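> test case, fold it:
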Amino acid sequence: MTSPASPRQSLRWWPCFIGGLLLPFLAFLLRSWVPPHVATAAAFVVLWVGVGFYFLRFPPSSSWRMPRWLLGGAAGALVFGALTYLFPWL
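Numbers count the residues shown, from 1 in each chain. Sure, this is the predicted structure:
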């Protein structure tokens with residue numbers, strides 16, 4: 001069993017929390033120009049890359065790597081876009 005993370009380790013991920021809070025607002029702004037599923041995916045990518053650039057300067061852990069982060073962002077954008085396309089009321 002793993003030991004719980006210390007509060008100091010958890011605070012390293014605060015940019016992800018801020019990005020998660022901003023995602024719905026950015027997607028809502030983009031919906032006036034593009035379809036909702038594209039707006040959601042684009043907002044996710046923009047915030048994911050922005051947080052990634054912050055983590056280039058201040059990595060949250062020693063195992064953090066930019067290529068893995070970008071692949072995760074691409075997968076997340078596909079999932080968010082597909083969910084918004086399949087379930088437009090989300």
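> and the spatially most central residue of the chain, what element?
Central residue of the chain (C-alpha atoms, centre = their mean): Trp48, 4.0 Å from the mean position. Using DSSP states H and E, Trp48 sits within helix 36-57.
> residues contacting that helix, please?
15-16, 18-19, 22-23, 26-28, 30-31, 33-34, 64, 66, 69-70, 72-74, 76-78, 80-82, 84-85, 88 (C-beta atoms under 8 Å, 6 or more residues apart in numbering). C-beta coordinates here come from the backbone N, C-alpha and C atoms, glycine included.
> next, the buried residues of that helix.
Along helix 36-57, these residues count as buried under the neighbour rule (16 or more other C-beta atoms under 10 Å): 36-48, 51-52, 54-55.
> and for Phe28, the neighbour number?
A count of nearby residues for Phe28, using other C-beta atoms under 10 Å, gives 13.
> same check, this time on the one 4 residues further on
In terms of burial, Ser32 registers 7 neighbours under the definition other C-beta under 10 Å.
> helix, strand, or coil at it?
Using DSSP: H, G, I helix; E, B strand; the rest coil, the structure places Ser32 in coil.
> what residue ranges in the protein score low on pLDDT?
For the chain, the stretches with pLDDT under 70 are 1-10, 89-90.
> phi first, then psi, for Pro35.
With angles defined as degrees, to the nearest 10, Pro35 sits at phi -60, psi 150.
> any idea how many residues pack against it?
Close neighbours of Pro35, defined as other C-beta under 10 Å, add up to 14.
> wait, what's in contact with it?
Residues near Pro35 by C-beta under 8 Å, 6+ apart: none.
> next: Ile18.
Val51.
> quickly note the distance from it to Ser62.
Note on Ile18: its distance to Ser62, by C-beta to C-beta, to the nearest Å, is 23 Å.
> same thing with Gly20?
Distance from Gly20 to Ser62, by C-beta to C-beta: 24 Å.
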